[in-house]
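Got a predicted structure plus its sequence, pasted below:
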4 protein chains.
Amino acid sequence: MSSEQRAAAVEKETGRIESFSDGVFAVAITLLVFALQVPHLPAGAISVTALGSALLAQWPSYLTFMTSFATILIMWASHHGIFKLVYKADTLFLFANGLLLLLVTVVPFPTSLVAQYLDTPAAALACAVYAGVFVVINLAYNLLWWAAVRERRLLHPAVTPVQVKRLTRHILLGLPLYGLSTLLAFWNPYVSLGLCSCLWLFWAFTFYVGSPSLGSLIGVQDVETASESDA
Amino acid sequence: MSSEQRAAAVEKETGRIESFSDGVFAVAITLLVFALQVPHLPAGAISVTALGSALLAQWPSYLTFMTSFATILIMWASHHGIFKLVYKADTLFLFANGLLLLLVTVVPFPTSLVAQYLDTPAAALACAVYAGVFVVINLAYNLLWWAAVRERRLLHPAVTPVQVKRLTRHILLGLPLYGLSTLLAFWNPYVSLGLCSCLWLFWAFTFYVGSPSLGSLIGVQDVETASESDA
Amino acid sequence: MSSEQRAAAVEKETGRIESFSDGVFAVAITLLVFALQVPHLPAGAISVTALGSALLAQWPSYLTFMTSFATILIMWASHHGIFKLVYKADTLFLFANGLLLLLVTVVPFPTSLVAQYLDTPAAALACAVYAGVFVVINLAYNLLWWAAVRERRLLHPAVTPVQVKRLTRHILLGLPLYGLSTLLAFWNPYVSLGLCSCLWLFWAFTFYVGSPSLGSLIGVQDVETASESDA
Amino acid sequence: MSSEQRAAAVEKETGRIESFSDGVFAVAITLLVFALQVPHLPAGAISVTALGSALLAQWPSYLTFMTSFATILIMWASHHGIFKLVYKADTLFLFANGLLLLLVTVVPFPTSLVAQYLDTPAAALACAVYAGVFVVINLAYNLLWWAAVRERRLLHPAVTPVQVKRLTRHILLGLPLYGLSTLLAFWNPYVSLGLCSCLWLFWAFTFYVGSPSLGSLIGVQDVETASESDA
């Protein structure tokens, strides 16, 4: 088998791993809906007003559902961005990917936890667990990326050191931010949750918009910048 | 990288986004089954008659299950129809697609809400929420389509202005219809739900049958019209 | 667009519909596991014996889980077998496919129904509903196949009339068998359920083994027969 | 149809079966999260401490969740490894694959069983059932592999007898190990569960790392060994 053939075979292989990962992401993101529970009203007290109040009282569910959904969506894009640069897989990379998938499937659990305890005296802990899970997920991303770049063995040859450095910094940045969010939970759970909600917006913007070259890593780019780079 | 190569790379990229979206649609449509609950009868009162009555009393579940299923299926076809015309993705398009997916995964929630409250005094609100979710979904479709057509930057070059105008009108049409359905809920929940049930039939027919050129957007067409256009 | 190009485009389109359908089948078959409930024992009475009895008492769950799993698996193979012969899709075909998917996602509901009521006085109704769902599914298959073969417009040109006739007969056969199973439920629920359990074995054997040419429709065949047909 | 064409058609067919199987694996692995239940505290007793204790008391859930996740992931890799060597499918192979998928979708059930009963007097039985399911899964793998290799009819021609022997031994090895784990449950449930937790690590290492030629079966290999074999 020539080395090109082997490269092609392995590339197909990471494709298979990526498509399995995509399936897990798609199921996990859809299961988040179970954080939204239909309110149970006592049979004698069912009215439009009562149901309306019960639905409004569930606002923490809606907030965490949206935050978790957006965060998993961004994670999927980042995961995809990393896999685009990788064309070989070794044991550590596969292990890191498995760890990441495990953590992604866990997200519905802290989501339900916050949904249920945000307006109770236990909110601090629920929000700390929620942000804490994202800290661990960030660590898994760092591990995955580190597994890909150590000695540049698994990366596609066209990837430049500048791109590697930028993505490394980009992924590392999440660690202090989600760490801060975890600590803030014990001071004010709403601030912690708010920070988590802002973070996905931040990822979305820095990843896609802020830096064209990072955006292009996952194959999308603003058409203006594309036209410029053509000129 | 030549501009053709870039176009091909980006096309593959929207393919990936579409296949992830397909996964979310497939899971969300299957999770609707949880709106169908096995009735719990008191241990002493289990009989064929009792179970039969309990199953029949759940007719709102069956109706909303079928309506939601058909609506998500039509939404999948429309989503697919839009993606067929698009060969580049920018930030706004990706954001609109993410919003749409979020709303699609939400559908099992109002479905269960109506299933549980349709034959109670709170039916008006449950049905208004149900139709209201479809209003928001329609807005997301309009946003997605608008993101695709503004300045025609993301569209496939072969798409004609007439096709764009027709699809724009087609998608906009849902807004007043689902809006009306939301308002009607407060007058008569059954009429509201009935309108939602009719609307998917309407989409199915206008999308596939009514206008051959729109039908052909998603690659299916009545064979008669196909033969005619060949002649 | 030449007619070959159009054919290719449409073929790819049915591929997309098939892969969405595959996703729905895969999720529906996996959700069946929710028919298996962990028994809840009163806190004071937890012991190996008590848990063992509780697990054994759930045997109807295991039986229906396995039957439903095998039946959905066979349905997936049949669905796949039909799609292999079809290279165009029209509105009726798409509608029949949507109806079929709706019914496939419903299967976890009667499965849980039987699991919960098989050893109660309401078993007759639960089993009749269970078999009745398969009657309706069989009707949907007949509709799908009829939509494909009327005037042979949607079929691949290589399909022979003999193949069509054989598959038509094969699919129709399920109607009296599942109908009988539905009626038998009111005489003896266990016999009804037993017949449903046997039927998937029957499908498996007639589909794959019994008739080589039908087996080959879905691309698998016993290697002996393959070798013979080569000679 | 020439035999090459037939081979290609069949190869595509096993691809379809594999991608359906991948879907089932992806959904089953994600449904494991339902073994993690949000603790329900009595309304008056909600505090950070109470929630913290309740979450910590659920440690068996976390352990079994992680063990089941890792085991299904390894099973997916093994499944994939077997399918890479197979280019024809016959009835027995399809039956064995269906049985395997059935068992994979079952895994969330014993996972929840152990999560709920590990710290109760019924732990022995729960853990025995858990390990017992893996015994049966191992038998299904042996059946699948045996169906593939008997008379070498379904295997890719490039597969050597040494590879077959090694993979046969590798798969058989699980039988005594999970069998031992099942028996150990009645002596000490924690030891049984610990052994199950260790076993997936063992599979991961022997499959990917320990034997390069086996690792290469599923298309991944340590880059050092790859470089050596090039030299």
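That came in fine, so what should we check first? Numbers count the residues shown, from 1 in each chain, chains lettered A, B, ... in the order given.

I'd like to know which residues of chain A are adjacent to chain C.
residue A:27 (CB under 8 Å from any CB of the partner chain). Quick note: C-beta positions are derived from backbone N, CA and C, even for glycine.

If you drop the residues flanking it in sequence, what lies closest to the most centrally placed residue in chain A?
Centroid-nearest residue in chain A: residue A:75, 2.6 Å away (criterion: CA atoms, centre = their mean). Of all residues not flanking residue A:75 in the chain, residue A:104 sits nearest, at 6.5 Å (CB to CB, 6 or more residues apart in numbering or on different chains).

if I look at the one you found, how far off is residue D:33?
To residue D:33, residue A:104 is 10 Å away according to CB to CB, to the nearest Å.

Tell me the residues that contact both of the two, please.
residue A:28 (CB atoms under 8 Å, 6 or more residues apart in numbering or on different chains).

out of these two, which sits in the more crowded spot?
Using other CB atoms under 10 Å in any protein chain shown as the criterion, residue A:104 and residue D:33 rank with residue A:104 on top: 25 against 22.

Now do the contacts for that one.
So residue A:104 contacts A:24-25, A:28, A:72, A:75, A:137 (CB under 8 Å, 6+ apart).

Just the residues you listed: which are in strands?
Among the contacts of residue A:104, none falls in strands (DSSP state E).

what would those look like in CSV with pLDDT?
Output for the contacts of residue A:104, formatted as CSV (pLDDT from 0 to 100):
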residue, pLDDT
A:24, 93
A:25, 93
A:28, 92
A:72, 90
A:75, 87
A:137, 92
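
Just flag the most distant two among the residues you listed.
With CB to CB as the measure, no two of these lie farther apart than A:24 and A:137, at 13.4 Å.

any idea how far residue A:88 is from residue A:157?
Distance of residue A:157 to residue A:88, computed by CB to CB: 11 Å.

Oh, that last question was meant for residue A:143, not what I typed.
For residue A:143, the distance to residue A:88 - CB to CB - is 17 Å.

Between those two, tell me which one has more neighbours.
When neighbours are counted by other CB under 10 Å, residue A:88 comes out ahead of the other of residue A:143 and residue A:88, with 22 against 17.

Skip the chain neighbours and tell me the closest residue to that one.
Spatial nearest neighbour of residue A:88, excluding adjacent residues (CB to CB, 6+ apart): residue A:154 at 4.4 Å.

For burial, what's the neighbour tally of residue A:56?
10.

Next one: it from chain B, what distance?
Per CB to the nearest CB, to the nearest Å, residue A:56 is found 11 Å from chain B.

ok, residues contacting the helix or strand harbouring that residue?
Following DSSP states H and E, one finds residue A:56 within helix A:48-57. Contact partners of helix A:48-57, identified using CB under 8 Å, 6+ apart, comprise A:39, A:41, A:119, B:117, B:121-122, B:124-126, B:129.

Can you say which of those are buried?
Those of those that meet the buried threshold are A:39, A:41, B:117, B:122, B:124-126, B:129, by 16 or more other CB atoms under 10 Å in any protein chain shown.

so of those, which ones are in helices?
Here DSSP state H is the test, and the buried ones among the contacts of helix A:48-57 give B:117, B:124-126, B:129 as lying in helices.

Which member of these is positioned nearest chain A?
Of all these, residue B:125 has the smallest distance to chain A: 4.6 Å, by CB to the nearest CB.

so what's the closest one up against?
Residue B:125 touches A:48, A:51-52, A:55, B:117, B:185, counting by CB under 8 Å, 6+ apart.

Please identify which pair of these lies farthest apart.
Farthest-apart pair in the contacts of residue B:125 is A:55 and B:185; separation 14.0 Å (CB to CB).

Report the outermost residue of chain A with respect to its centre.
Note on chain A: the largest C-alpha distance from the chain mean falls to residue A:44, namely 43.2 Å (CA atoms, centre = their mean).

With just CA atoms, put stretch A:153-160 into CSV.
Below are the C-alpha coordinates for stretch A:153-160, written out as CSV (Å, rounded to 0.1, in the frame of the first residue of the first chain):
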residue,chain,number,x,y,z
ARG,A,153,1.9,14.2,13.2
LEU,A,154,-1.9,14.0,12.6
LEU,A,155,-2.4,17.4,11.0
HIS,A,156,-3.0,18.0,7.4
PRO,A,157,0.3,19.2,5.8
ALA,A,158,-1.4,22.4,4.6
VAL,A,159,-2.1,23.6,8.1
THR,A,160,0.3,26.5,9.1
